[in-house]
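Participant: Following is a predicted model, sequence given first.
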Amino acid sequence: MSTERKHTPLDVRIAVLTQAGYRCAVPTCRTILALDIHHIHELHKGGGDTIDNLVALCPTCHALYHRGTIKQESIFAWKMLLVSLNEVVGKRALDDLILLEKQAESGDIEFSGDALIHFGALIAANLIQYGQMTVTNGRGNEYRSYWVDLTDKGREFLKCYRRAELLEAQKLFGAGF
């Protein structure tokens, strides 16, 4: 196994910096002069160069993390805050994303046009996608219906959310949770 470290791809670095508004992710810092890309789950522990595993930190905050002054729980929380702020995702929207994830496992659900209004913020944030279909009922009448599904970005958001949720559960109930 090679220990040689590779550079994070430029497009991924730009996406992480954009997500952070080109500022340090530590809410009390917000340095903009120089930023490092920090791996939330370290590479040698299986973490990758993916947007959901990276966060922008200034060199000072990055060093404070590696010294143990800033805890990993804080990094998770700040990453979730950035994602939530960028995607305008609240509790109801999060519930909708989880519903759509479960729907994908159990089979198709048809939605009315009203559902598109309900899912509007998630569609605008590119967390879900939709399409139109024509359905024929048992009497031969046709009507419009819609399918709604998570995008890759929506799936990554849920993965990031679950990591933060698991960390909180471990904090409350112990490491064996």
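Facilitator: That came in fine, so what should we check first?
Participant: can you pull the pLDDT of the spatially most central residue of the chain?
Facilitator: In the chain, the centroid-proximal residue (C-alpha atoms, centre = their mean) is residue 157; its distance is 2.1 Å. Per-residue confidence (pLDDT) for residue 157: 80.
Participant: Is it within a helix or a strand, and which one?
Facilitator: helix 152-173 (DSSP states H and E).
Participant: Output stretch 103-117 as CSV - backbone C-alpha positions only.
Facilitator: The C-alpha coordinates for stretch 103-117 follow below in CSV (Å, rounded to 0.1, in the frame of the first residue of the first chain):
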residue,chain,number,x,y,z
GLN,A,103,-39.0,5.4,-1.7
ALA,A,104,-36.1,4.5,-4.0
GLU,A,105,-35.6,1.3,-2.1
SER,A,106,-39.2,0.2,-2.1
GLY,A,107,-40.3,1.2,-5.6
ASP,A,108,-41.8,4.1,-7.5
ILE,A,109,-44.3,6.6,-6.1
GLU,A,110,-46.2,8.9,-8.3
PHE,A,111,-46.5,12.6,-7.3
SER,A,112,-49.0,15.2,-8.3
GLY,A,113,-48.0,18.6,-9.6
ASP,A,114,-48.6,20.0,-6.1
ALA,A,115,-45.7,17.9,-4.9
LEU,A,116,-43.3,19.8,-7.2
ILE,A,117,-44.2,22.9,-5.3
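Participant: Give me the mean pLDDT for that stretch.
Facilitator: 79.
Participant: cool, stretch 61-81 as well?
Facilitator: Rounded mean pLDDT across stretch 61-81 is 91.
Participant: What residues of that stretch count as buried?
Facilitator: Judged by neighbour count (16 or more other C-beta atoms under 10 Å), stretch 61-81 contains these buried residues: 61-62, 65, 70, 75-80. Backbone N, C-alpha and C define where each C-beta goes, glycine included.
Participant: Mind putting these into JSON lines with secondary structure and distance to residue 50?
Facilitator: Shown next, in JSON lines, are the buried residues of stretch 61-81 (DSSP: H, G, I helix; E, B strand; the rest coil; distance: C-beta to C-beta, whole Å):
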{"residue": "61", "secondary structure": "helix", "distance to residue 50": "21"}
{"residue": "62", "secondary structure": "helix", "distance to residue 50": "18"}
{"residue": "65", "secondary structure": "helix", "distance to residue 50": "19"}
{"residue": "70", "secondary structure": "coil", "distance to residue 50": "21"}
{"residue": "75", "secondary structure": "helix", "distance to residue 50": "15"}
{"residue": "76", "secondary structure": "helix", "distance to residue 50": "15"}
{"residue": "77", "secondary structure": "helix", "distance to residue 50": "19"}
{"residue": "78", "secondary structure": "helix", "distance to residue 50": "17"}
{"residue": "79", "secondary structure": "helix", "distance to residue 50": "12"}
{"residue": "80", "secondary structure": "helix", "distance to residue 50": "15"}
